[in-house]
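**Q** turn this into a structure:
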Amino acid sequence: MEEVIRFYESQIAGHTSERERLRKKIHRYGTIRLLLFAGAVATLWLCRDAGWTVWTGVAVAFAVPFVTLMVWHTRLSSRKACAEAMIQLNTNERRGVDYDFSAFDGAPERADARHAFSPDLDVFGNQSLFQSINRTVTEVGKSLLADWFVQPLTDPAAILRRRQAVRELSSKTDFRQRFYVTGIAGNGSRSDIQLLETLAKPSTRFSGSLTWRILIWFIPAVWLLVLAGNVWRDVPAGITGWMAVLSFLIANLQGKCIHSMHKSVEKMERILLTCSQLMEQIERESFRSDELKAIRQWLVSREGNASSAIRRLSRIIGALDQRFSTAGVLLNLFCLRDMRQAMNLERWLQACAPDLGAWFGATAQIDALCSLGGFAFNHPDYIDPEITDTYFRMEGKALGHPLLHRDHCVRNDVSLAKHPYFLVITGANMAGKSTYLRTVGVNFLLACTGLPVYADELTVSPAHLVTSLRTADSLTANESYFFAELKRLKMIIDRLKAGEKLFIILDEVLKGTNSKDKQKGSLALIRQLIAQKTCGLLATHDLLLGTLAREFPHEVRNCCFEADISGDTLKFTYRLREGVAQNMNACFLMEKMGITF
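**A** Model prediction:
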């Protein structure tokens, strides 16, 4: 971790130095431009009686270096903005090392109380697992990354392929950071998902019309003849006026249709340009892993790279965005520029729309994988778990929760070496049962997503994860807490009966009913889960469930988290122990609060 911290601090220092160097150079060039302008005005004043030839020479002599400095100024400003973005990124990453992820998007909109495990494991939202990992810069990339967490892989080969890509990208810090800064700089008001939906509908309304294909060349040709005639005084002045009226009518004949087409893609020039830059970075990078090489191949073909095609589309839309400018109006009058761009857009869509999904999909894949690679880079102390295809096995040493500070996180082992098998975990309030369940669940999720895990050792068999830790009632659905919990448990049983291989994590089941029904129902549930040949963990305050180990000595193991009470002192070790809990602390805590018995 010290190396990671030093890396981010050196990046911040280096880019800060670069920003200051560029700032000084920009200021110097600005001063020179000001002096050039003042010099041009003074020289023209001194030569005010010299005539047009001298004036033109003076203007050109000062204009050339002035324009050159403007171009350099623009480039330097772009580099300075990039340096500032790099400073911000590395500052945010440095804070993330200390568990402050507030600068990144936790996708709270993806939180779904009905999902099999995401609300219980804090996958989305503030200070969530997703927020600690997400560094995506495109909407499609963010959506894909979120999908990977709500639908983790269950195929060991696919997990290993993704892990290989993640490990390669973890070493490509320069590529990942350039990709992020490029994407962040180009965020627009329209998302790339909307863009894809819009562009997936090619049309031939204009490009397929022979009349318009003739007119876009006929009108400018006639204008050339008319203007040439005016120069040689062979054309009456009235002809020019009539030609202007005719051109105006033809240019606006399909104005509503072109306007409608433009509205569907307006303001997309910037986001398209950014997408082309992201694609170009992928095209230029060389990869070793099969996954990354296959993704890159989606963007590269013998006909041309995706980045070039997207850049052409950006220019077409940019031209349409300028249709109401002075230059745009004049060009439309003289050469039907709006119609030309509308036809260019249609031709582009006809040629490239079938490939758009693959191009944006490749960009989204790299975007999402860069986030996973960044997570692996930020956690050099995490290990790659062993992935086995034998259902079911999850054995590990010193598992910790990735959202708990490394200096305070108490780490515990886990052992489920066969199926059916259940760990029944008893313990006092606040002793660590729920945290342990989440620790196991989150590391299982990381492993199945292709990420390193917070453990010294871990072997995992991929399966469908299902949890029931935070069941809630619903006023809008007219559901009581107990009914919502029953629905959750029924979903688990139905999926098992359908033949799914599940890994189940339950915390204090049937909390919404009386203690007698709860005991009876909990015992029946565990018996049924064992009969369905499944595996999991169950945390409970009910010590009676500890007797299941006698009924199923080969399928149930008792573990516990104890609260050690010594006089007036309550101490938690947060260490998983063998057996059934002996100490309960509810009465002790109530007495401490002044509630006497």
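**Q** any weak-confidence spans in the protein?
**A** Low-confidence segments of the chain, defined by pLDDT under 70: 187-204, 233-235, 237, 264, 266, 302-303, 471-481, 512-515, 565-569, 583-597.
**Q** all the strands of this structure, in order from the start?
**A** 386-387, 394-399, 412-416, 421-427, 457-460, 464-468, 502-507, 535-540, 556-561, 563-566, 569-572, 577-578 (DSSP state E).
**Q** dump these to a markdown table, plus mean neighbour count and distance to I32.
**A** To be clear about C-beta, it is placed using only N, CA and C from the backbone, and glycine gets the same treatment. Converted to a markdown table, the strands of the chain look like this (neighbours: other CB atoms under 10 Å; distance: least, CB to CB, whole Å):
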| stretch | mean neighbour count | distance to I32 |
| --- | --- | --- |
| strand 386-387 | 18 | 62 |
| strand 394-399 | 20 | 62 |
| strand 412-416 | 19 | 66 |
| strand 421-427 | 25 | 73 |
| strand 457-460 | 20 | 62 |
| strand 464-468 | 21 | 63 |
| strand 502-507 | 24 | 67 |
| strand 535-540 | 25 | 70 |
| strand 556-561 | 22 | 71 |
| strand 563-566 | 14 | 74 |
| strand 569-572 | 13 | 69 |
| strand 577-578 | 12 | 75 |
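**Q** state the number of residues packed around A364.
**A** A364: 24 surrounding residues under other CB atoms under 10 Å.
**Q** list the contacts for it?
**A** Shown in contact with A364 (CB atoms under 8 Å, 6 or more residues apart in numbering): T138, V140, G141, S143, L144.
**Q** and with 10 Å instead?
**A** 136, 138-145, 147, 192-193, 278, 295 (CB atoms under 10 Å, 6 or more residues apart in numbering).
**Q** that one and L299, how far apart?
**A** Between A364 and L299 the distance is 12 Å, computed by CB to CB, to the nearest Å.
**Q** any residues in contact with both of these two?
**A** By CB under 10 Å, 6+ apart, the residues touching both A364 and L299 are L278.
**Q** circling back to that earlier point, can you select the buried ones among the contacts of A364 for me in PyMOL?
**A** In PyMOL syntax, the buried subset of those is picked out as below (16 or more other CB atoms under 10 Å):
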select buried, resi 136+138+139+140+141+142+143+144+145+192+278+295
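**Q** kindly reformat the contacts of A364 as a markdown table containing distance to Y391.
**A** As requested, the contacts of A364 are exported to a markdown table (distance: CB to CB, whole Å):
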| residue | distance to Y391 |
| --- | --- |
| T136 | 32 |
| T138 | 36 |
| E139 | 36 |
| V140 | 33 |
| G141 | 32 |
| K142 | 32 |
| S143 | 30 |
| L144 | 27 |
| L145 | 27 |
| D147 | 24 |
| D192 | 39 |
| I193 | 36 |
| L278 | 40 |
| I295 | 30 |
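**Q** what about the contacts of A364, which are in helices?
**A** Assigned to helices by DSSP state H, the following of the contacts of A364 qualify: E139, V140, G141, K142, S143, L144, L145, D147, D192, I193, L278, I295.
**Q** quick check, the first one in contact with I271.
**A** Same thing as E139. Yes - if you go by CB atoms under 10 Å, E139 and I271 touch, sitting 9.5 Å apart.
**Q** quick one: the helices in the stretch 151-300 of the chain, in order.
**A** Secondary structure of the stretch 151-300 of the chain, counting by DSSP state H, counting those that start in this stretch: helices at 156-170, 173-185, 192-199, 210-232, 237-251, 255-265, 269-284, 290-297.
**Q** could these go into a markdown table alongside distance to F124?
**A** Putting the helices of the stretch 151-300 of the chain into a markdown table (distance: least, CB to CB, whole Å) gives the following:
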| stretch | distance to F124 |
| --- | --- |
| helix 156-170 | 20 |
| helix 173-185 | 20 |
| helix 192-199 | 18 |
| helix 210-232 | 50 |
| helix 237-251 | 51 |
| helix 255-265 | 31 |
| helix 269-284 | 24 |
| helix 290-297 | 25 |
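**Q** comparing the ones you listed, which comes out most buried?
**A** Ranked by mean neighbour count, the helices of the stretch 151-300 of the chain are led by helix 269-284 with a mean of 21 (mean count of other CB atoms under 10 Å).
**Q** check which helices and strands that one sits against.
**A** helix 139-150, helix 173-185, helix 192-199, helix 290-297, helix 306-321, helix 337-378 (3 or more CB pairs under 10 Å, 6 or more residues apart in numbering; DSSP states H and E).
**Q** only alpha carbons, please: show it as PDB.
**A** This file holds the C-alpha atoms of helix 269-284, laid out as PDB (Å, rounded to 0.1, in the frame of the first residue of the first chain):
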ATOM      1  CA  GLU A 269     -20.600  16.400 -31.500                       C
ATOM      2  CA  ARG A 270     -18.600  16.600 -28.300                       C
ATOM      3  CA  ILE A 271     -19.600  13.200 -26.900                       C
ATOM      4  CA  LEU A 272     -18.900  11.600 -30.300                       C
ATOM      5  CA  LEU A 273     -15.500  13.300 -30.500                       C
ATOM      6  CA  THR A 274     -14.700  11.900 -27.000                       C
ATOM      7  CA  CYS A 275     -15.900   8.500 -28.000                       C
ATOM      8  CA  SER A 276     -13.600   8.600 -31.100                       C
ATOM      9  CA  GLN A 277     -10.700   9.600 -28.800                       C
ATOM     10  CA  LEU A 278     -11.400   6.700 -26.400                       C
ATOM     11  CA  MET A 279     -11.600   4.300 -29.300                       C
ATOM     12  CA  GLU A 280      -8.400   5.600 -30.700                       C
ATOM     13  CA  GLN A 281      -6.600   5.000 -27.400                       C
ATOM     14  CA  ILE A 282      -7.800   1.400 -27.400                       C
ATOM     15  CA  GLU A 283      -6.800   0.900 -31.100                       C
ATOM     16  CA  ARG A 284      -3.200   2.200 -30.400                       C
END
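**Q** and it, how far out from the chain middle?
**A** Centroid separation between helix 269-284 and its chain, computed with CA atoms, centre = their mean, to the nearest Å, is 16 Å.
**Q** and A351, how far from L313?
**A** A351 is 10 Å from L313, by CB to CB.
**Q** neighbour count for these two, which is higher?
**A** Comparing A351 with L313 by other CB under 10 Å, the one with more neighbours is L313, at 24 against 13.
**Q** how near is the more buried one to F444?
**A** 43 Å.
**Q** please apply the same query to L320.
**A** 50 Å.
**Q** can you tell me the closest non-neighbouring residue to G361?
**A** Leaving aside its chain neighbours, G361 sits nearest to W298 (7.0 Å; criterion: CB to CB, 6 or more residues apart in numbering).
**Q** surely that neighbour touches D355?
**A** Yes - W298 is within contact range of D355, at 8.5 Å (criterion: CB under 10 Å).
**Q** of those two, who's got more company?
**A** Set W298 next to D355 and count neighbours by other CB under 10 Å: W298 wins out with 20 against 15.
**Q** tell me how far the residue nearest to G361 lies from C448.
**A** Counting by CB to CB, the gap from W298 to C448 is 25 Å.
**Q** cool, I505 as well?
**A** 14 Å.
**Q** that older thread, CSV for the strands of the chain, including distance to Y99?
**A** What follows is those, written out as CSV (distance: least, CB to CB, whole Å):
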stretch, distance to Y99
strand 386-387, 28
strand 394-399, 18
strand 412-416, 20
strand 421-427, 26
strand 457-460, 22
strand 464-468, 23
strand 502-507, 24
strand 535-540, 25
strand 556-561, 23
strand 563-566, 27
strand 569-572, 21
strand 577-578, 28
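**Q** for stretch 544-558, buried residues please.
**A** L545, G546, L548, A549, F552, E555, V556, R557, N558.
**Q** list the residues that contact the second one.
**A** For G546, the residues meeting the contact criterion (CB under 10 Å, 6+ apart) are V424, I425, T426, T540, V556, N558, C559, C560, G579, V580, A581.
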